[in-house]
Structures are given as C-alpha cells and as structure tokens.
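**Q** Take this sequence and fold it.
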Amino acid sequence: MRRALAKEHLRVLGVDDGPFTRRHRYAPIAVVAMSLPGSIEAVLSGRVRVDGRDATERILELLRSSPYLEGSRAVLLDGISVGGFNLIDLDRLHRALGRPVVAVTRRPPDFPSIRAALARYFASDFRRRWRLVRAHRPFALGSDGLPLWLTSVGAKRQEARVLVRRSIVVGYWPEPLRLARLVARSLRQGALSGPRARGSARRARPSIRARTSSRGSRSP
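**A** Below you'll find the predicted structure:
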C-alpha cells in the first residue's frame with residue numbers, strides 16, 4: 001500500500017448507498033472509480049435488500065464487473081452498512097478483492113445503541129450482525145481537525161489516513177464517496193421505482209448509519 005500511495009494518480013473505488021424509506025424493499029448502491037485527485041473513470045450501480053444480508057455479495061458483484069478493478073489500489077466505503085442494517089463484511093471484501101478496504105464515518109459508532117437495535121430487530125441473526133459491527137476498532141483520521149473516523153482492513157492505520165486525505169478534494173469528505181452518494185441518490189426515481197422495488201410497509205428501525213454518521217438518518 002505504501003508504494004501505491006506514492007503514485008501521482010491513485011485509482012480508488014468509492015461505494016455508497018442512496019436514500020430509501022420503509023416502503024422500499026431495496027436500496028440503491030453506486031460505485032465510482034476515480035483516479036485521484038479528480039478524474040472520474042467509471043460509474044456502476046446496483047441495489048441491496050433493505051436490512052438484508054446481501055451487501056457484501058452485491059458490492060463484490062459490482063466491483064468485479066468493472067474493468068477498473070484491476071488497476072485500483074483501494075476501496076472506500078461510507079460506513080460498514082448499506083440499506084439500513086445490511087452490514088458489509090470488510091474482511092471478506094478484502095480477501096475477495098485483494099485490495100485494502102477503508103470505511104469512513106463522520107463520528108465514532110455508538111456501540112451500545114447499535115447493539116440494542118440489533119438485539120431488538122434482528123434477534124435471530126444478532127450474533128452474526130454484531131460480529132461484523134465489532135470486527136475492527138475504528139480510529140480517528142488524525143489531529144488536523146478533520147472530523148472523520150476510519151475502519152481499515154488490509155492497510156495500516158497511517159496508510160489508511162494518507163489514503164483518505166488524498167481522496168478529499170473539497171471540504172472534508174472523500175470525493176469518491178461524495179460522488180457515489182450522488183449517483184445512488186439519483187437512482188431512487190429510476191431503476192428502483194418499479195414494482196420490484198415496492199415493498200409492504202415496514203416498522204421504522206434505527207439505522208446503523210444514523211449511529212455512525214452525522215448526516216441524519218437514512219433508515220427505513
């Protein structure tokens with residue numbers, strides 16, 4: 001990873017999901033391939049089941065379908081979940097892709113609240129989901145005033161910090177994640193608005209993303 005970080009143009013894949021409500025069965029996800037600092041090379045889109053268990057597999061399918069995976073050096077994620085409590089297995093993602101995986105959030109996770117929500121709404125699958133949440137300890141980006149927390153697999157902490165700082169173009173949020181979020185948001189009224197995306201009403205549930213990000217709840 002250290003050698004890759006020395007390159008002038010570093011290719012990074014950013015993954016994020018789009019908005020959804022409790023009426024939706026699926027949430028949109030998007031992948032943006034960027035050659036840092038600002039060259040967009042590819043955009044891919046897909047979907048995951050809201051509160052499901054397919055996040056890791058769906059992300060792998062998207063990344064493996066991209067011709068830009070071969071030259072990529074790392075994968076950035078907005079947190080460790082998409083579509084509410086559809087948790088991403090960071091270790092599996094890293095092993096399958098052979099790339100460092102770094103999840104970024106705007107504040108440290110509130111583990112007691114997350115644990116309580118998982119126990120309440122996913123009792124039959126609690127142990128697996130809780131294991132994914134606690135698999136790796138988040139750490140602060142640094143002391144330079146940027147309010148970000150990272151979870152890294154396949155890269156040392158300092159390498160992950162350098163990677164995230166290099167990916168920031170405007171403000172303090174990584175550009176591949178900002179663009180992936182915009183793409184995923186645009187999909188809500190497109191491919192996912194058909195009959196397959198309409199589900200029956202669901203109980204409102206707190207989202208792990210609401211507990212780990214200051215953007216506000218995006219949960220169903």
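
**Q** ok, now which ones touch the residue lying closest to Val169 once chain neighbours are set aside?
**A** Closest residue to Val169 apart from its sequence neighbours, by CB to CB, 6 or more residues apart in numbering: Glu175 at 4.2 Å. C-beta coordinates here come from the backbone N, C-alpha and C atoms, glycine included. Listed by CB atoms under 8 Å, 6 or more residues apart in numbering, the contact set of Glu175 reads 14, 34, 36-38, 167-169.

**Q** Take those residues and keep only those in helices.
**A** Ser167 (DSSP state H).

**Q** Can you say which of the contacts of Glu175 are buried?
**A** Burial by neighbour count, judged by 16 or more other CB atoms under 10 Å, picks out 14, 34, 36, 167-168 from those.

**Q** TSV for those, including pLDDT and distance to Glu61?
**A** Conversion of the buried ones among the contacts of Glu175 to TSV gives the following (pLDDT from 0 to 100; distance: CB to CB, whole Å):
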residue	pLDDT	distance to Glu61
Gly14	97	16
Met34	94	20
Leu36	90	24
Ser167	94	23
Ile168	93	28
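
**Q** what's the closest of those to Arg134?
**A** The shortest approach to Arg134 among those belongs to Gly14, at 24.4 Å (CB to CB).

**Q** Hmm, Pro176 and the closest one touching each other?
**A** Yes - counting by CB atoms under 8 Å, Pro176 is a contact partner of Gly14 at 2.6 Å.

**Q** about what we covered before: and which of the buried ones among the contacts of Glu175 is nearest Glu70?
**A** Using CB to CB as the measure, the one of the buried ones among the contacts of Glu175 that approaches Glu70 most closely is Met34, at 15.1 Å.

**Q** got a list of what the closest one touches?
**A** Counting by CB under 8 Å, 6+ apart, the residues that Met34 touches are 11-14, 40-41, 167, 175-176, 179.

**Q** again, 10 Å this time
**A** 9-14, 40-43, 68, 72, 76, 167, 169, 174-177, 179-180 (CB atoms under 10 Å, 6 or more residues apart in numbering).
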